[in-house]
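Colleague: Let's see this in three dimensions:
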Amino acid sequence: MVRNDTGNGRTTHATGRPGAPPSPPHLGGVSINRAVVATANGWNIVVLDTVSAILREDRGHIVVTGSHGGSSAGEYALRAGVGIVICSDAGMGKNNAGVAGLEKLANFNVPALAVAGSSARIGDGRDVWDRGVVSYVNRMAEQLGFTCGAALQAQLRDFISGRERQETLAALGLAHLGGDSL
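Modeller: I've put the predicted structure just below:
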């Protein structure tokens, strides 16, 4: 569905039918799906199709995206100040380029994970959330207890439900993330 302003104040479907329901937000003509799928202990889990759609309100929270985890995705996540970011490994690629940005995020104390491109559609954040199987964790995510080979959704739900995680976050210098500090 595409939102088109016909100039007369009416919105149409891509098919031209008037009176269509509002479409999701757009970024450069591309529909951006966004949902907060879980909230607990000060953490929101925000699901987006692209890492470039992270908003200021996502700062310090968990962001699940359908984006690859390459260098540009890591830069977006770092600038946005996310608490934890999840991307697709995009099949890893040459020299693990599909997770290169996530690996570099550990140098800035940002936990990052990737799901196998074979487990969820690239570019579809909801599919990453619903079906993603973790294929990569950077050293910060590993220290928080995330592991490869397990379902992403279960690991994230377990993580946000555990108040004891605040001690681990503090020990890693990440006490400003999640918990009551948000």
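Colleague: Identify the residues contacting Ala141.
Modeller: For Ala141, the contact set (CB atoms under 8 Å, 6 or more residues apart in numbering) comprises 84, 111-113. (C-beta placed from N, C-alpha, C; glycine too.)
Colleague: Which helix or strand contains the most centrally placed residue in the chain?
Modeller: To find the centre residue of the chain, average its C-alpha atoms and take the closest one (CA atoms, centre = their mean): that gives Val64, at 2.0 Å. Assessed by DSSP states H and E, Val64 sits inside strand 62-68.
Colleague: Each with direction, which strands does that strand pair with?
Modeller: Partners of strand 62-68 in the sheet, by DSSP bridges, are strand 43-48 (parallel), strand 84-88 (parallel).
Colleague: Save those as JSON lines, and put in mean neighbour count, distance to Gly101 and mean pLDDT too.
Modeller: Conversion of the strands paired with strand 62-68 to JSON lines gives the following (neighbours: other CB atoms under 10 Å; distance: least, CB to CB, whole Å; pLDDT from 0 to 100):
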{"stretch": "strand 43-48", "mean neighbour count": "22", "distance to Gly101": "16", "mean pLDDT": "95"}
{"stretch": "strand 84-88", "mean neighbour count": "31", "distance to Gly101": "8", "mean pLDDT": "97"}
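Colleague: quick one: buried residues of stretch 154-164?
Modeller: Neighbour-count burial for stretch 154-164 flags 155-156, 159-160 (criterion: 16 or more other CB atoms under 10 Å).
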